[in-house]
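[1] Quick check, what structure comes out for this input:
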Amino acid sequence: MKNNKLFDLSGKLALVTGASRGIGENIAKVLAQSGAHVIVSSRKVAGCQAVVDRIISEGGSAEAIACHIGEMEQIDSLFNLITEKHGKLDILVNNAAANPYFGHILDTDLNAFQKTVDVNIRGYFFMSTRGAQLMKDNGGGAIVNVASINGVIPGDFQGIYSITKAAVISMTKAFAKECAQFNIRVNALLPGATDTKFASTLVNNPKILAQAMAHVPMKRVAKPEEMAGTVLYLVSDASSYTTGTAINVDGGYLIG
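    Residues are numbered from 1 along each chain as shown. Model prediction:
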């Protein structure tokens, strides 16, 4: 039997944000292992370059470009560089996120509110518009937005973060609906509790973690690499008729 290459990304150009560590790093590695040239992006180029070096040492192809998606000028600069150097984009994974506040929703200050909205909503939106414009000009592509199960059931003391992740789920559907005519598919990944530095407030607090695990049938926290396979599916030909969906990768939390 011949390999139908459903997951082959050879010749594809992929951009992964928030890719200097955690879920984003593992997504970048898996896309590179599947043949894509991966642009590893995050706020600081040194962390991105470290991931690029690891990808290249394993035989993959990658480059680092710094970008803080909470800054519009940096988004413009990023896409100007991609357009000048590559002239196309096939895959965009919006993974960078902000969660600066952990506490009662009534105590959320304006600075924490604004930072979370600027990155998680405005950043995802304009990364998607710029990315989709490049995809449209080159016959199509795939976008994956990393949201959260908190976008479905708000996390305790994570009010504004949960609100923005609900917006990302809605944003995914809106882009999917309007961009399908350009052969652009847009889907979302909804991770559950994952052992990353980003989620350390949850993972490293025994009381909070125990409360969360009580609702997880698999009774454990996810490893960052357990998110990458779903993203590979969503950006590959294996999901060629899938758009506007949000896939839970949560150990069963949302059914628990």
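[2] from here on, contacts and neighbour counts on C-alpha atoms
    OK.
[3] got a list of what the most centrally placed residue in the chain touches?
    Centroid-nearest residue in the chain: Asn95, 2.5 Å away (criterion: Cα atoms, centre = their mean). By Cα atoms under 8 Å, 6 or more residues apart in numbering, Asn95 lies in contact with Val16, Thr17, Gly18, Ala19, Ile23, Gly24, Asn145, Val146, Ala147.
[4] Equivalent analysis for Ile160, please.
    Residues counted as contacts of Ile160 (Cα under 8 Å, 6+ apart) are Ile105, Thr108, Phe113, Thr116.
[5] would you say Thr230 is within a helix?
    Yes: checked against DSSP: H, G, I helix; E, B strand; the rest coil, Thr230 lies within a helix.
[6] mind checking how far the closest residue to it other than its chain neighbours is from Ala222?
    Using Cα to Cα, 6 or more residues apart in numbering and skipping residues adjacent in sequence, the residue nearest Thr230 is Leu189, 7.5 Å away. Distance, Leu189 to Ala222, using Cα to Cα, to the nearest Å: 14 Å.
[7] just Phe126 next, same as before
    Counting by Cα to Cα - Phe126 and Ala222 are separated by 29 Å.
[8] now do Gly103
    In terms of Cα to Cα, Gly103 sits 24 Å off from Ala222.
[9] Have a look at those two and say which one is more surrounded.
    Ala222 (18 against 12; other Cα atoms under 10 Å).
[10] could you dump the longest strand along the chain to CSV, C-alpha only?
    The longest strand of the chain (DSSP state E) is strand 184-191. The C-alpha coordinates for strand 184-191 follow below in CSV (Å, rounded to 0.1, in the frame of the first residue of the first chain):
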residue,chain,number,x,y,z
ILE,A,184,-8.5,28.9,3.5
ARG,A,185,-9.5,26.7,6.4
VAL,A,186,-9.6,28.1,9.9
ASN,A,187,-9.9,25.9,13.0
ALA,A,188,-9.2,26.0,16.7
LEU,A,189,-7.3,23.9,19.2
LEU,A,190,-8.7,23.9,22.8
PRO,A,191,-6.0,22.6,25.1
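[11] distance between that strand and the chain's centre?
    Centroid separation for strand 184-191 versus its chain: 8 Å, with Cα atoms, centre = their mean, to the nearest Å.
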